[in-house]
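> Give me coordinates for this.
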Amino acid sequence: MKTRVVVMMGGPSSEHEVSLASGRMVYEALAGNMDYVVEALVIDRQGRWSLESNLRAVMPTPADAKAAAVPREYAMNGIPLLKSADAVFLAFHGAFGEDGTLQGLLEALGVPYTGSGPLASALAMNKGKAKELFRYHKIPVARELQFASRLLAYDIDNAVAVIESQLGYPVVVKPNTGGSSVGVAMAEERDQLVDALQLARRFGVDVMVEEKLSGKEVTCAVLEELDGSVRALPVIEIVPKAGAFFDFQSKYADGGADEICPAPLDPDTADLVQKMAIAAHEALGCEGFSRTDLFLTPRGPVVLEVNTIPGMTPNSLLPKAARAAGISFEDLIDHLVRLALSRSRSDHNA
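Predicted coordinates for the structure are as follows:
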């Protein structure tokens with residue numbers, strides 16, 4: 001009997017269209033596999049669930065602000081669409097789909113799903129909490145400050161003064177939760193900092209301000225095997241071309257960045273980056289797969305963040321690293337589904 005897989009995508013986050021792009025490619029990869037019957041479940045920006053048979057190609061565009069709360073009846077009406085699923089492939093990015101929300105729902109429903117569980121997903125999405133764990137495990141991270149978005153609305157001058165005294169310039173300002181560099185900006189002086197804080201507060205409850213790191217930007221994916229062991233895939237060097245850093249345009253525009261895989265690193269540095277990616281993956285308790293972004297600074301590699309559901313188009317960074325390791329996109333997607341089913345059976349037997 002064929003395994004019925006539901007590919008879930010979309011959602012109310014600022015990365016809605018990025019998720020649709022990933023979900024469409026995952027759906028097509030599974031649809032070409034004779035072991036599966038595949039359905040596409042799309043959640044729109046308002047939170048309505050629907051099964052779709054015609055997935056259109058989309059060009060990701062940045063959102064203007066974080067999404068509003070989803071009415072509970074939309075989810076209640078959507079849950080029956082999962083009734084026949086043997087497994088769910090989560091192709092979400094950002095809040096709601098990558099932050100543990102849907103993972104918790106699927107756990108409660110007893111439906112196997114790809115990727116990390118609710119806790120690891122929530123920790124990875126919250127950059128501040130993730131960095132607390134990284135420091136505990138002696139994983140190097142950048143210095144940062146955090147501010148509640150609501151306080152910035154009426155006391156931004158005090159925040160600027162604190163940032164200038166404790167971090168100085170230049171700094172990187174970002175929403176504490178979120179991805180795809182949505183709401184992220186750099187600041188080299190006071191006016192830029194004020195603008196960057198105002199931008200970031202539109203996309204999250206908290207805003208993080210980090211020291212700007214210098215050096216090569218690299219990323220390293222970690223993949224779990226069916227026996228529970230993990231391995232790091234080849235390191236990728238990222239050279240932004242469309243922006244001053246690896247921003248939304250650099251990530252998704254044609255020719256926005258050069259992504260060199262394997263990265264031209266000496267063996268010792270590549271090995272250290274891979275070990276740090278595994279350490280970050282395990283510190284958060286990630287499962288299935290993840291991708292860790294780092295900077296190679298004069299003081300050594302520094303971890304930026306961990307993505308628990310990285311982009312899943314054939315040209316995305318994780319599939320590109322898998323391909324360099326001899327794993328096709330179709331085999332990667334198949335492996336992640338098998339991992340989800342294997343983990344579910346192990347949990348049941350325990």
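
> Tell me where the stretch 101-250 of the chain is predicted with low confidence.
Confidence mapping of the stretch 101-250 of the chain against pLDDT under 70 gives the ranges 178-182, 241-250.

> mind listing the strands for it?
Ranges of strands in the stretch 101-250 of the chain, per DSSP state E, counting those that start in this stretch, are 144-148, 171-175, 185-187, 206-211, 216-224, 230-232, 236-240.

> between these, which one is nearest to residue 70?
Taking C-beta to C-beta as the criterion, residue 70 comes closest to strand 171-175 out of these, the separation being 18.6 Å. Heads up, the C-betas are built off the backbone N, CA and C, glycines and all.

> who does that closest one pair up with?
Paired neighbours of strand 171-175 in the sheet (DSSP bridges): strand 185-187 (antiparallel), strand 206-211 (antiparallel).

> Next up, phi/psi of residue 126, please.
Phi and psi for residue 126, reported as degrees, to the nearest 10, are phi -90, psi 100.

> thinking again about what came up before, which of the strands of the stretch 101-250 of the chain sits most buried?
The highest mean neighbour count among the strands of the stretch 101-250 of the chain belongs to strand 171-175 (a mean of 25), with neighbours defined as mean count of other C-beta atoms under 10 Å.

> For that one, which outside residues touch it?
Taking C-beta atoms under 8 Å, 6 or more residues apart in numbering as the criterion, the residues outside strand 171-175 that touch it are 66, 127, 163, 181-187, 193, 196-197, 199-201, 203-204, 206-212, 245.

> Also stretch 135-142?
Counting contacts by C-beta under 8 Å, 6+ apart, the residues outside stretch 135-142 that touch it are 131, 134, 210-211, 213, 276, 279-280, 283, 295, 299-304.

> hmm, try it at 10 Å
Around stretch 135-142, the neighbours that count as contacts under C-beta atoms under 10 Å, 6 or more residues apart in numbering are 127, 130-134, 167, 171-172, 208, 210-213, 276-277, 279-280, 282-284, 292, 294-295, 297, 299-305.

> Which of those residues fall in helices?
The subset of those located in helices under the criterion DSSP state H comprises 127, 130-134, 276-277, 279-280, 282-284.

> Make a PyMOL selection of the buried ones in those residues.
The following PyMOL line selects those of those that are buried, judged by 16 or more other C-beta atoms under 10 Å:
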select buried, resi 127+130+131+133+134+276+277+279+280+283+284
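
> can you list the ones in helices among the contacts of stretch 135-142 in a markdown table and add distance to residue 2?
Converted to a markdown table, the ones in helices among the contacts of stretch 135-142 look like this (distance: C-beta to C-beta, whole Å):
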| residue | distance to residue 2 |
| --- | --- |
| 127 | 40 |
| 130 | 38 |
| 131 | 43 |
| 132 | 44 |
| 133 | 40 |
| 134 | 41 |
| 276 | 40 |
| 277 | 34 |
| 279 | 38 |
| 280 | 36 |
| 282 | 34 |
| 283 | 37 |
| 284 | 34 |
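
> From the ones in helices among the contacts of stretch 135-142, pick the one nearest residue 74.
Nearest to residue 74 among the ones in helices among the contacts of stretch 135-142, with distances taken as C-beta to C-beta, is residue 127, at 28.2 Å.

> ok, that closest one to residue 263 distance?
Note on residue 127: its distance to residue 263, by C-beta to C-beta, to the nearest Å, is 23 Å.

> Leaving out chain neighbours, which residue sits closest to residue 164?
Spatially, and ignoring its direct neighbours in sequence, residue 164 is nearest to residue 190 (7.4 Å; C-beta to C-beta, 6 or more residues apart in numbering).

> With residue 201 instead?
Nearest non-adjacent residue to residue 201 (C-beta to C-beta, 6+ apart): residue 149, at 3.8 Å.

> Pull the contacting residues for the one you found.
66, 175-176, 197-198, 200-207.

> Could you measure from it over to residue 161?
Counting by C-beta to C-beta, the separation of residue 149 from residue 161 is 18 Å.

> got it, and residue 154?
Counting by C-beta to C-beta, the gap from residue 154 to residue 161 is 15 Å.

> More neighbours: the two, which one.
Neighbours per residue (other C-beta atoms under 10 Å) separate residue 154 from residue 161, with residue 161 holding more: 11 against 8.

> now the more buried one: how far from residue 150?
When distance is defined by C-beta to C-beta, residue 161 is 18 Å away from residue 150.

> And the residue nearest to the spatial centre of the chain, its phi and psi?
Note on the chain: the residue nearest the mean C-alpha position is residue 307, at 3.4 Å, using C-alpha atoms, centre = their mean. Torsion angles at residue 307 (phi, psi; degrees, to the nearest 10) stand at phi -100, psi 120.

> Which one of the strands paired with strand 171-175 lies nearest to residue 104?
Between residue 104 and those, the shortest gap by C-beta to C-beta is with strand 206-211, which sits at 20.8 Å.

> angle of the closest one against strand 144-148?
Our comparison of strand 206-211 with strand 144-148, counting by axes from the mean of the first three to the mean of the last three C-alpha atoms, to 10 degrees, yields an angle of 160 degrees.

> Now render the strands paired with strand 171-175 as a markdown table, adding distance to residue 101.
Output for the strands paired with strand 171-175, formatted as a markdown table (distance: least, C-beta to C-beta, whole Å):
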| stretch | distance to residue 101 |
| --- | --- |
| strand 185-187 | 27 |
| strand 206-211 | 17 |
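
> Of all these, which one is nearest residue 46?
strand 206-211 (24.7 Å).
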